[in-house]
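Student: My questions concern the predicted model and sequence given below.
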Amino acid sequence: GSAEQLGGIHTSRQYPKDAELTGLSSFITSRRRFLCGGMLSWSLPGTVLGWLLGFCLLLAGSSSGFKWKGPKLNITGAHQVIQEGDTLNILCSGDMPHSWFLPETLSRNDNRLNIMTYACGRHNKQFCSSLTLNRAQATDTGYYSCKYPSSSEVKKKTVSKIYVFINDTQKPFIKLHT
């Protein structure tokens, strides 16, 4: 199994091993009409059943014109500059649950940091989260990334990131870590 971080909350999920995925994927692809056409057995173990249902939804979406979209940030561009002491707000939306990855110098336990997850979009069918960092410090400078869980089956965009520079007027340069 693997542990994932979803908006600061740890969740555990069981995933098949890569070898199991490859064999299972071939089997499902060859029998997708049978499996996804209403003949799916509900007596399968929960993990396998959940994976198969997700696969069927992915197949149904791709055949009905659904376009996979990676997570999207509300801030455009490759970087953002804010002043030390200001509040950083970043919103992320996507078609799947996602996790935030922060600069190494910023702890998820920092009381200045708040990550909230909620349903959004048309009919609340999207997954959204907001990252708020109060009283930003120069040491909070770095990449802030919104990322879908990794999957060997989905070779699409799974991450959006932005480099945030927190400008400290007292010390305008940061020490580079090598």
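Tutor: Sure, I can see it.

Student: quick one: the helices in this protein?
Tutor: 18-30, 32-34, 46-63 (DSSP state H).

Student: and S93, what does it touch?
Tutor: S93 makes contact with P71, K72, N74, C120, G121, Q126, F127, C128 under the criterion CB atoms under 8 Å, 6 or more residues apart in numbering. The C-beta positions use only the backbone N, C-alpha and C, and glycine is treated the same way.

Student: Could you export these as JSON lines, including neighbour count?
Tutor: JSON lines is the format used below for the contacts of S93 (neighbours: other CB atoms under 10 Å):
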{"residue": "P71", "neighbour count": "25"}
{"residue": "K72", "neighbour count": "16"}
{"residue": "N74", "neighbour count": "12"}
{"residue": "C120", "neighbour count": "15"}
{"residue": "G121", "neighbour count": "12"}
{"residue": "Q126", "neighbour count": "17"}
{"residue": "F127", "neighbour count": "21"}
{"residue": "C128", "neighbour count": "21"}
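
Student: so which two of those are the farthest from each other?
Tutor: Maximum pairwise distance among those (CB to CB): 14.2 Å, between N74 and F127.

Student: returning to that earlier point: could I get the contacts of S93 as TSV with pLDDT?
Tutor: Below are those laid out as TSV (pLDDT from 0 to 100):
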residue	pLDDT
P71	94
K72	94
N74	96
C120	94
G121	91
Q126	93
F127	96
C128	97
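
Student: Filter those residues down to just the ones in strands.
Tutor: Taking DSSP state E as the definition of strands, those contribute K72, C120, Q126, F127, C128.

Student: beta partners for the third one?
Tutor: Partner residues in beta bridges with Q126, using DSSP bridges, are C120.

Student: my guess is it contacts G94, does it?
Tutor: Yes: using CB atoms under 8 Å, Q126 is in contact with G94, at 6.6 Å.

Student: Strands of the chain, residue ranges please.
Tutor: According to DSSP E, the strands that the chain contains are 2-6, 9-13, 72-73, 79-83, 88-94, 99-101, 113-120, 126-133, 142-147, 159-167.

Student: if we compare those strands, which one ends up closest to S107?
Tutor: Short answer: strand 113-120, nearest of the strands of the chain by CB to CB, at 7.7 Å.
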